[in-house]
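Asker: could you work out the structure for the sequence below:
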Amino acid sequence: MEQIPATSDLLGQISTLLINALTGESREVFNETVEYWNKTFGQAVELSYPPDLVKVLRALARQVDIDLPSFPTAVDVEVS
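Answerer: Below you'll find the predicted structure:
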């Protein structure tokens, strides 16, 4: 089976799902989602992040090892 490429378009389409998985109560779902992220979106060269997901990932990056290619800095977010 061919893997779906981890693109900014796909990220925009599933960002609500990712936010719910990363902020929900299930530790198992959280761990699986972080693992999925690092194997897919974490391997991308460049991504455009939806603003709501940026907030979640920024907080998450302080707590777990998550790969965030081309992640906006706080200055980038303020300027945008």
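
Asker: and stretch 57-70, what's its mean pLDDT?
Answerer: Average pLDDT, stretch 57-70: 96.

Asker: what's next to it, contact-wise?
Answerer: By Cβ atoms under 8 Å, 6 or more residues apart in numbering, the residues outside stretch 57-70 that reach it are 22, 34, 37-38, 41-47, 49, 71. Any C-beta I mention is one placed from the backbone N, CA and C, and that applies to glycine too.

Asker: buried among these? Make that a ChimeraX selection.
Answerer: For the buried members of these, the matching ChimeraX selection, counting by 16 or more other Cβ atoms under 10 Å, is:
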select :22,34,37,41,42,44,47,49
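
Asker: can you redo the contacts of stretch 57-70 as CSV with secondary structure and distance to Val56?
Answerer: Formatted as CSV, those follow (DSSP: H, G, I helix; E, B strand; the rest coil; distance: Cβ to Cβ, whole Å):
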residue, secondary structure, distance to Val56
Leu22, helix, 6
Val34, helix, 12
Trp37, helix, 11
Asn38, helix, 15
Phe41, helix, 13
Gly42, helix, 15
Gln43, helix, 19
Ala44, coil, 17
Val45, coil, 22
Glu46, coil, 20
Leu47, coil, 14
Tyr49, coil, 10
Phe71, coil, 12
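
Asker: residue boundaries of the helices in this protein?
Answerer: Using DSSP state H, the helices of the chain run over residues 8-23, 27-39, 51-61, 74-79.

Asker: if you average pLDDT over each of the ones you listed, which is lowest?
Answerer: helix 74-79 - the lowest mean pLDDT of those, at a mean of 52.

Asker: how close does Phe30 sit to Gly12?
Answerer: 21 Å (Cβ to Cβ, to the nearest Å).

Asker: hmm, I was thinking of Phe41
Answerer: Applying Cβ to Cβ to Phe41 and Gly12 gives a distance of 11 Å.

Asker: and stretch 46-59, which residues are buried?
Answerer: Leu47, Tyr49, Pro50, Leu53, Val54, Val56, Leu57, Arg58.
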